[in-house]
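In: sequence below, structure please.
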Amino acid sequence: MFVKICGLKTLVDAQSAVREGADFIGFIFAESSRKVHPELVRDIGGELPDHVKKVGVFSNQTEQEVIRIAEKARLDYIQLHGNEPASFAKNMPLPVIKAFAIRSEKDLENLSDYPADYLLVDLPKGSSGKGLTLDWNMLQKAALPLNKVFLAGGLTPENVEEAISVVSPVGVDVASGVETNGVKDKTKVEAFIRKVKNIPGGED
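Out: Numbers count the residues shown, from 1 in each chain. Prediction:
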């Protein structure tokens, strides 16, 4: 079971997440309070083990900008979080994670047709931090390629075990669910990762 900790901004937080067992670490290059510079990500990545995958999160940016930042930051994955068409993903020089905002069953239709290495199902923008989660039962009933699905959207150390037991994704993604007052909380990150990794059958 993969764990992706997203929205990291410091080397200390990245190293802490990796020590606890994070497999993917996400850095946001779209407009956000968590936005970082590619040079910082390059420097952080240089201090981390090679097996940890560095993911850059983009939203409705140009192909040229995404590719330029990905190269400068030395990313391993590009995560597209906007309305990027399939052709956009096909032009990316790195493996792609495509995020989808799920409001209803209709949003799950043809999702698996998108040309991405992983599909990330998330709450609509603006829903984080409000105690909301995706409808896990709806996801369970959908014909999703679970070996490619990362589950996000309102996950916390308190609910991640139940979410995984219902959906059975290949991985989980969390940002605000392991923060306190908008800052990564080492105790919450540790608790989240340990909950995921201790689930029977959930070890890598």
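In: can you give me the helices for the chain?
Out: With helices called from DSSP state H, the chain shows them at 11-20, 38-45, 63-73, 86-90, 136-141, 160-167, 186-197.
In: can those go into a markdown table with extra columns for distance to Lys53 and mean pLDDT?
Out: Glycine gets a C-beta too; all of them are placed from N, C-alpha and C. Formatted as a markdown table, the helices of the chain follow (distance: least, Cβ to Cβ, whole Å; pLDDT from 0 to 100):
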| stretch | distance to Lys53 | mean pLDDT |
| --- | --- | --- |
| helix 11-20 | 11 | 96 |
| helix 38-45 | 10 | 98 |
| helix 63-73 | 13 | 98 |
| helix 86-90 | 17 | 97 |
| helix 136-141 | 23 | 92 |
| helix 160-167 | 20 | 95 |
| helix 186-197 | 15 | 94 |
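In: closest to Asp107 out of those helices?
Out: helix 136-141 (9.8 Å; Cβ to Cβ).
In: residues touching that closest one, excluding its own?
Out: For helix 136-141, contacts defined as Cβ atoms under 8 Å, 6 or more residues apart in numbering pick out Ile102, Glu105, Leu108, Val121, Leu151, Glu162, Ala163, Val166, Val167, Ser168.
In: of these, buried ones?
Out: Ile102, Leu108, Val121, Leu151, Ala163, Val167, Ser168 (16 or more other Cβ atoms under 10 Å).
In: just the contacts of helix 136-141 now: which is nearest Ile5?
Out: Leu151 (13.9 Å).
In: residues touching the closest residue to that closest one other than its chain neighbours, list them.
Out: Once flanking residues are discounted, Leu151 sits nearest to Pro169: 4.2 Å by Cβ to Cβ, 6 or more residues apart in numbering. Neighbour list for Pro169: Leu146, Val149, Phe150, Leu151 [criterion: Cβ under 8 Å, 6+ apart].
In: so for stretch 7-17, what gets flagged as buried?
Out: Those would be Gly7, Leu8, Lys9, Asp13, Ala14, Gln15, Ser16, Ala17, for stretch 7-17 by 16+ other Cβ under 10 Å.
In: on that earlier part again, tabulate the helices of the chain (TSV), appending distance to Gly56.
Out: Output for the helices of the chain, formatted as TSV (distance: least, Cβ to Cβ, whole Å):
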stretch	distance to Gly56
helix 11-20	13
helix 38-45	7
helix 63-73	6
helix 86-90	14
helix 136-141	25
helix 160-167	24
helix 186-197	20
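In: thanks a lot, catch you later.
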